[in-house]
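[1] task: produce atomic coordinates for the following.
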Amino acid sequence: MDGMELKPKFDGLQELFNRCINHAFRVLTDRITAKSAYLDCEQMQELERLEYIRTADELAQLYLRYSVLSDIRNYYSDPAFLWESSFFEALNPGEKKKYHAFSVVSFDYSRYEQANTVYDAELPYFSAVVKAVVLERYAAYLQDRKSEEAMSDQPIIIAHPPKAVPPIAETDNPFDSTLTDEQIAFLAEGINDVKMFNVPLTPDDLTAIFAGKPHAIVRSNNNRLVAFFFAGLSDRGLITPNWQSVIANYKLFLSKDRSRDKYINQSDLSTATNYIRDIGAEGKYATIERYLKQVKKL
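    Numbering: from 1, shown residues only. Below is the predicted model:
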């Protein structure tokens with residue numbers, strides 16, 4: 001079954017996952033919201049702290065037990081995580097056959113409600129995937145609550161007129177790129193191969209990005225993959241070591257968070273870069289690594 005035939009199948013399976021995930025996530029968030037009516041501010045903050053620790057521990061145990069889930073943490077907020085992540089590629093051939101053979105219309109939600117592992121034999125790791133995505137989203141939700149509470153505690157400050165900020169120095173090559181047209185075309189192919197952004201890039205698009213003058217602002221599908229790509233170019237001496245500040249200062253990409261139009265900033269890239277230092281090159285990272293290794297040979 002090729003990619004074109006597989007995509008409709010994945011869309012149907014994704015609906016099953018999303019239904020189970022959305023219900024479980026709503027139960028968790030409704031529960032903590034209900035508790036907030038009976039707790040003062042300090043008690044609520046302590047509850048949220050303990051909830052976050054418990055959630056992080058559960059996630060760590062899941063990822064240790066099921067290595068096939070490792071890429072879920074990069075795509076938990078993506079409504080098409082089953083297709084976009086490398087989860088399916090991590091399955092063994094027998095497990096993949098079960099996903100191919102499963103009839104979406106045969107899924108009985110009432111059976112799943114009675115025992116959430118009931119479909120794990122037919123859809124390997126189904127309950128584990130649901131749990132991982134729910135917990136990742138719940139952890140992010142708790143972090144957002146913490147940020148909102150911190151903002152509400154800030155004193156009101158009377159704003160003074162901002163000081164003029166010197167404009168970024170104009171240059172035709174802010175990345176100090178040494179890439180040739182052939183290399184850029186090859187890298188654009190790699191970027192599109194892993195669906196790094198919300199739309200495919202042409203070689204001209206990528207050339208414009210390296211010049212700091214993008215034709216249009218694209219949205220990242222995975223900030224860590226973006227960091228892996230640019231860090232890899234920098235490590236090979238093909239662009240400046242200051243690539244993070246270039247991306248941030250020139251406002252080249254929108255963050256993967258689709259709930260608001262936020263440019264990827266230097267903090268986002270620093271956090272993503274710290275994460276990728278500890279990961280193995282597998283899945284989409286392995287694909288990008290192959291392109292990066294080959295590009296200097298062109």
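[2] quick one, what contacts the closest residue to K195 other than its chain neighbours?
    Nearest non-adjacent residue to K195, counting by C-beta to C-beta, 6 or more residues apart in numbering: N221, 5.7 Å away. Quick note: C-beta positions are derived from backbone N, CA and C, even for glycine. Applying C-beta atoms under 8 Å, 6 or more residues apart in numbering to N221 gives the contacts 78, 84, 195-198, 256.
[3] how near is the nearest residue to Y141 once chain neighbours are set aside to E51?
    Leaving aside its sequence neighbours, Y141 sits nearest to T29 (C-beta to C-beta, 6+ apart; 6.0 Å). As judged by C-beta to C-beta, to the nearest Å, T29 and E51 stand 11 Å apart.
[4] who's more crowded, these two?
    E51 (19 against 15; other C-beta atoms under 10 Å).
[5] so what does F197 look like in phi/psi?
    Backbone torsions of F197, given as degrees, to the nearest 10, read phi -120, psi 170.
[6] with adjacent residues omitted, what lies nearest to it?
    Closest to F197 by C-beta to C-beta, 6+ apart is V218, at 4.2 Å.
[7] what number of residues lie near the one you found?
    19.
[8] which pLDDT value goes with it?
    Per-residue confidence (pLDDT) for V218: 92.
[9] tell me what it is bridged to.
    F253 (DSSP bridges).
[10] low-confidence ranges, the stretch 151-298 of the chain, go.
    151-171, 257-261, 277-281 (pLDDT under 70).
[11] the stretch 1-150 of the chain: helices as residue ranges?
    Here the stretch 1-150 of the chain has its helices, by DSSP state H, counting those that start in this stretch, at 3-36, 41-65, 72-75, 81-84, 87-90, 93-101, 109-114, 126-152.
[12] using JSON lines, lay out those together with distance to A208.
    JSON lines is the format used below for the helices of the stretch 1-150 of the chain (distance: least, C-beta to C-beta, whole Å):
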{"stretch": "helix 3-36", "distance to A208": "29"}
{"stretch": "helix 41-65", "distance to A208": "38"}
{"stretch": "helix 72-75", "distance to A208": "27"}
{"stretch": "helix 81-84", "distance to A208": "25"}
{"stretch": "helix 87-90", "distance to A208": "32"}
{"stretch": "helix 93-101", "distance to A208": "39"}
{"stretch": "helix 109-114", "distance to A208": "48"}
{"stretch": "helix 126-152", "distance to A208": "33"}
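[13] which one of the ones you listed is the most hemmed in?
    helix 72-75 (a mean of 23; mean count of other C-beta atoms under 10 Å).
[14] re the thing from before, relative to R236, which of the helices of the stretch 1-150 of the chain is closest?
    helix 72-75 (23.1 Å; C-beta to C-beta).
[15] how far off centre is that closest one?
    6 Å (C-alpha atoms, centre = their mean, to the nearest Å).
[16] which residues touch stretch 237-245?
    Contact partners of stretch 237-245, identified using C-beta under 8 Å, 6+ apart, comprise 174-179, 183, 210, 230-231, 233-234, 246, 266, 269-270, 273, 295-296.
[17] check contacts around K262.
    Taking C-beta under 8 Å, 6+ apart, we find K262 in contact with 254-255.
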